[in-house]
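> sequence and predicted structure below; questions after.
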Amino acid sequence: MKKIILIAFLVLGLKSYSCNIYDTINQTICPEDSFLFNGVYLKTAGTYYDTFNISAGCDTFRTLNLSVHPTIPNTFIVDSFCQGYGYAYNSKVFTTAGFHFDTLNSRKGCDSVIQLFLSFKNSPTFFPIPTIDTFCIRDTIYFEGKPFKYTTGGLKTMRDTLFGGAANGCDSINLRVVFLRNNNGPSFVPTKYGCANTPFIIGDSSFTTNGFKVVVLRNRFGCDSTIWFTLQRRPPSFTTLNRTTCSNQPFFFKGKNWGSGVTTDTLITIIDTLTQKANAPGFSTVKCDSFVTLNLTVHPIKFTIIDTSLCENHTYFFKGQFEKNPGIYLDTQKTINNCDSFITLILRTPRKTSRYTYYRKFCSNETVLFKGLNINSPGTYKDTLVNAVGCDSFLTMVLAKDTAHNITLNKSICSYDSFYFNGQYYKTAGTYTSTLKNKDGCDSTVTLTLSIYPFRTVTLVKSTLNQLKTDSGYLVYYWYFNDWTQLNASGPAIFANNTGAYHVVAEDSNSCRFKSNVYVYNPAGINVNESYGIYIYPIPSKNTLNIEVTSSFEKNTQIYIYSMDGKLILSQPALHKTSKLSIDLSSLVNGLYILKIESENKVIERKIEKL
């Protein structure tokens, strides 16, 4: 049988630009043949496709249009010839009976099998038409229960004879014809190349190491095909790229822009895996991994806004010139990383400067701190400060010297009074000194000379039958009857018209007041001690009110003090067999009160005054 081997070579030139190549193969095969395409042996008519990369960036798209010639039926010829003579067919002479085969070539190049069955005319034998099966050399073939094994290829006939099995008593012969195909190899093939990080696969075998390799494959007929080859595996390559860009400048890697949207200095690490042909003999058609690591530093662009206002008559240096008018000014510079820096200057309405002059006095024994100096001389001094809006403030100080003041106070008070000076009350005559600050803040020394008017005794006596008199020489006299003021009495004498207690308060030329004794007037001639026998003093009182009796307080005597509206303010018992009682009035507010003395035999009420 004729074998057809089609080897297609595709030679592609490497280009420096991206390209796609389209290739079409039109092939017709015989029915018993196959066609190797994309690693597969094809025997069925149809359209097949394959895509592969021949260089970086270039793809090849291959199309196979496969046709199969119509099957040519085998020719079967039955004939007989005389035993001892030959039988001529297709330039061959056959001298034996039985099956004979010959292979012819059709006009389309396909095999045509001729089956010739010959018999001896004088040996009538029945031979069934055999079928032809295909096997490989060294395969074990079973026929009628018997094993057959061949070491050479070609057509083989297996015979089984049943003696006397024919109807005419002749031998019956059963035949089986097989076609044995040869195994291929071992054969040496050129060195094969692969990638170190992926297994090298051929047939059902996988290799991960370099060196000499032996592989048993199946040929297109399904028989063993042994090949020997040397395997070389190329390791992957590793490349590190360190790059710098700005956030407003596109930087594409793996089809993506990695620089946009960054606002701070950012380090981005990206790893890509490429398949590239090796730049080495034997590796020109092998694509191995190439690991590329990109360390990309992205620097942001910078936006700066300067929003300010200038002081009057000031300028701002911007973009190579001095600006002073309100407005918006733009400039673009470069950062230290050579990225864009966009600067916007906003000048607003100028701010005002200010001027202030103030006048100040300083004490003769002090200095004034001005402009970092201690000044003790009158004069005009100037300084430049910064006002509330950040502009110049021109300050002028007119300094004048002030002198300290010495003040002397001469004061006199009544013997029962006090004088408030320098935060305390004084009741004793003497000289007192205090140092104060005047309205300008300078020391002022005040000396107080305090004198006390002498105490004077006022005596109230009866001068006539119903006239009471006191000492003369006072400016004003205040008369009291039963502690009530007598409004129609103002001189040193008064006529007593009613029975009761009388006393007088005399005021001298120093406005000091002195209280007389209490005189109890009784027109019937009853002695005072015999009538009341009670003395209440001083009237008015400041802190203490004294009550005295001529003999002793009666049993169960109680002292009450009421407010003028009748509310009980104070209550205190008087001890029996005592003649004097002192009542503390310090907790009472100044004003008029009602004093009530109550015993088992009598009740006495008097109005008193608290100073």
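Arrived safely, thanks for sending. Bear in mind that the values here come from a model prediction, so they are computed numbers and not experimental data.
> quick check: residue 455 is in a helix.
No: counting by DSSP: H, G, I helix; E, B strand; the rest coil, residue 455 falls outside a helix, being coil.
> counting neighbours, what do you get for it?
Applying other Cβ atoms under 10 Å, we find 10 residues neighbouring residue 455. The C-beta positions use only the backbone N, C-alpha and C, and glycine is treated the same way.
> how about residue 593?
Using other Cβ under 10 Å: residue 593 sits among 21 other residues.
> also residue 92?
Here the number of neighbours of residue 92 (other Cβ under 10 Å) works out to 11.
> now swap in residue 362 and tell me
By other Cβ under 10 Å, the residues close to residue 362 number 19.
> with the one 5 residues further on instead?
Applying other Cβ under 10 Å, we find 12 residues neighbouring residue 367.
> could you do residue 296 as well?
Here the count is done by other Cβ under 10 Å, and residue 296 has 18 residues near it.
> what does residue 609 give?
For residue 609, the count of nearby residues is 14 (other Cβ under 10 Å).
> got it, and residue 78?
Neighbour count of residue 78, defined by other Cβ under 10 Å: 11.
> now it: which helix or strand?
strand 75-81 (DSSP states H and E).
> that strand pairs with which strands, and in what direction?
strand 111-120 (parallel) (DSSP bridges).
> pLDDT on the partner strand, on average?
For strand 111-120, the mean pLDDT works out to 75.
> that strand: how far from the chain's middle?
Relative to its parent chain, strand 111-120 has a centroid offset of 95 Å by Cα atoms, centre = their mean, to the nearest Å.
> what do you get for stretch 372-388?
Offset of stretch 372-388 from its chain centre (Cα atoms, centre = their mean): 51 Å.
> end to end on that stretch, go ahead and measure it.
Terminal residues of stretch 372-388 lie 21 Å apart, using Cα to Cα, to the nearest Å.
> what sits up against that stretch?
Contact with stretch 372-388 is made by 353-354, 362, 366-371, 392-401, as judged by Cβ atoms under 8 Å, 6 or more residues apart in numbering.
> now do that stretch, average pLDDT.
For stretch 372-388, the mean per-residue pLDDT is 86.
> for that stretch, buried residues please.
381, 387 (16 or more other Cβ atoms under 10 Å).
> ok so, going back, what subset of the contacts of stretch 372-388 is buried?
With burial judged by 16+ other Cβ under 10 Å, the buried subset of the contacts of stretch 372-388 is 353, 362, 368, 392, 393, 395, 397, 399.
> now tabulate the residues you listed in TSV and tack on secondary structure and pLDDT.
Output for these, formatted as TSV (DSSP: H, G, I helix; E, B strand; the rest coil; pLDDT from 0 to 100):
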residue	secondary structure	pLDDT
353	coil	85
362	strand	76
368	strand	84
392	strand	85
393	strand	85
395	strand	88
397	strand	88
399	strand	85
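> and the furthest pair within those residues?
Distances among those were taken as Cβ to Cβ; the most separated pair is 353 and 362, at 28.0 Å.
> got any ranges where the stretch 151-300 of the chain has weak pLDDT?
In the predicted model of the stretch 151-300 of the chain, residues 153, 160-176, 178-188, 218-222, 259-263, 265, 272-286 satisfy pLDDT under 70.
> who touches the helix or strand encompassing residue 304?
Taking DSSP H and E as the criterion, residue 304 maps to strand 302-311. Residues outside strand 302-311 that contact it (Cβ under 8 Å, 6+ apart): 316, 324, 326, 335, 339-353, 389-392.
> could you turn the buried ones of these into a ChimeraX selection?
Selection of the buried residues among the contacts of strand 302-311 in ChimeraX, burial being defined by 16+ other Cβ under 10 Å:
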select :339,340,343,345,347,350,351,353,391,392
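> from the contacts of strand 302-311, which ones fall inside strands?
Taking DSSP state E as the definition of strands, the contacts of strand 302-311 contribute 316, 340-351, 392.
> which of the residues you listed lies closest to residue 513?
Using Cβ to Cβ, those come closest to residue 513 at residue 392, 69.3 Å.
> for that closest one, name its beta-bridge partners.
Bridge pairing for residue 392 (DSSP bridges) gives the partners residue 386.
> pretty sure it contacts residue 353?
Yes: assessed by Cβ atoms under 8 Å, residue 392 is found in contact with residue 353 at 4.6 Å.
> isn't residue 225 up against residue 217?
Yes: between residue 225 and residue 217 there is a contact under Cβ under 8 Å: 4.6 Å.
> of those two, give the one with the bigger neighbour count.
The neighbour comparison of residue 225 against residue 217 (other Cβ under 10 Å) goes to residue 225, with 19 against 15.
> SS state for that one?
strand.
> look up how far residue 116 lies from it.
33 Å (Cβ to Cβ, to the nearest Å).
> what do you get for residue 238?
Note on residue 238: its distance to residue 116, by Cβ to Cβ, is 70 Å.
> could you give the number of residues near the residue nearest to residue 95 when sequence neighbours are not counted?
Of all residues not flanking residue 95 in the chain, residue 86 sits nearest, at 4.7 Å (Cβ to Cβ, 6 or more residues apart in numbering). Counted by other Cβ under 10 Å, the residues lying close to residue 86 total 13.
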